[in-house]
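Colleague: Let's see this in three dimensions:
(one chain, ligands or ions: 2)
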Amino acid sequence: MEDGSSTGPDSSTDPGSGRRAPCVVVIGVSGTGKTTVARLLAERLDAPFADADDFHRPADIARMAAGRPLDDAVRRPWLESVGRWLHEREAEGAGCVVACSALKRRYRDILRAACPDAVFLHLTAGHDLLAERIGRRAGHFMPQSLLTSQLATLEPLEPDERGATLFVGQAPELIADTAADLLARPGEGPGEGSGLR
Ligand SMILES: Nc1ncnc2c1ncn2[C@@H]1O[C@H](COP(=O)(O)OP(=O)(O)OP(=O)(O)O)[C@@H](O)[C@H]1O
Ligand SMILES: O=C(O)[C@H](O)[C@@H](O)[C@H](O)[C@H](O)CO
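Modeller: Ligands and ions are numbered 1, 2, ... in the order given. As a prediction, this is how the structure comes out:
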């Protein structure tokens, strides 16, 4: 629609919907498939992808590999660096997808402070499915023994947090399709807990 107005959509706005390209944070405990699903979702959205594991200090990777969980103090600078990545991508306007555990509400607050429009997709599954997936995964620093601590630390999305929760029993491609669909229709989800808030 050409009306000569100077207040039309900027380069970050989907001309079809008038919405900005989303900045998505795929969250959840170890083994839920954050990296796998976030990568597929980024492809579907044609948006930049990052894995928050790549932002950890080597000493923190070594700590987790040795079976010692990170604590709030150690996670803060890591989350702030993930927040800077989100902030930069938001400024570029092409949307983005990052896989980042962001287990606690206050961790997500750090990311939201950097990127206020961030949408959180929480991937969930029960202990046994996750333990089985982590056990089968090769070449990753995260030991299965930290799953208990991850689940104990987890604070699910609260009602005022923008996002949705997806159970990960299906193939990763189907989960990414569902996520892309939810993002394309915010506010039209099938109901509390399953739609995008
Ligand atoms: N939906 C799925 N169905 C079956 N296997 C999956 C699914 N999603 C991921 N996997 C497999 O489960 C393992 C864990 O996936 P992934 O590394 O993506 O999880 P993650 O949440 O990023 O874990 P971490 O936080 O420990 O890095 C991988 O071997 C992956 O191939
Ligand atoms: O906050 C944390 O405890 C860490 O971010 C972990 O979640 C790991 O990085 C991840 O799960 C392993 O890949």
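Colleague: if I look at the nearest residue to residue 153 once chain neighbours are set aside, how far off is residue 120?
Modeller: Of all residues not flanking residue 153 in the chain, residue 103 sits nearest, at 4.7 Å (C-beta to C-beta, 6 or more residues apart in numbering). Any C-beta I mention is one placed from the backbone N, CA and C, and that applies to glycine too. With distances taken as C-beta to C-beta, to the nearest Å, residue 103 is found 11 Å from residue 120.
Colleague: Mutual contacts of the two, please.
Modeller: Residues touching both residue 103 and residue 120 (C-beta atoms under 8 Å, 6 or more residues apart in numbering): residue 27.
Colleague: which residues does residue 163 contact?
Modeller: Neighbouring residues of residue 163 by C-beta under 8 Å, 6+ apart: 119, 120, 121, 122, 157, 196, 197.
Colleague: for ligand 1, what are the nearby residues on this structure?
Modeller: Within the chain, the positions near ligand 1 by C-beta under 6 Å from any ligand atom are 28, 30-36, 53, 99, 101, 133, 136-137, 142, 168, 171-172, 175.
Colleague: Please, a ChimeraX command that selects the buried ones among those?
Modeller: This is the ChimeraX syntax for the buried subset of these, where burial follows 16 or more other C-beta atoms under 10 Å:
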select :28,30,31,32,33,34,35,36,53,99,101,133,142,168,172,175
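Colleague: Let's see which of the residues of the chain next to ligand 1 end up in helices.
Modeller: Here DSSP state H is the test, and the residues of the chain next to ligand 1 give 34, 35, 36, 133, 136, 172, 175 as lying in helices.
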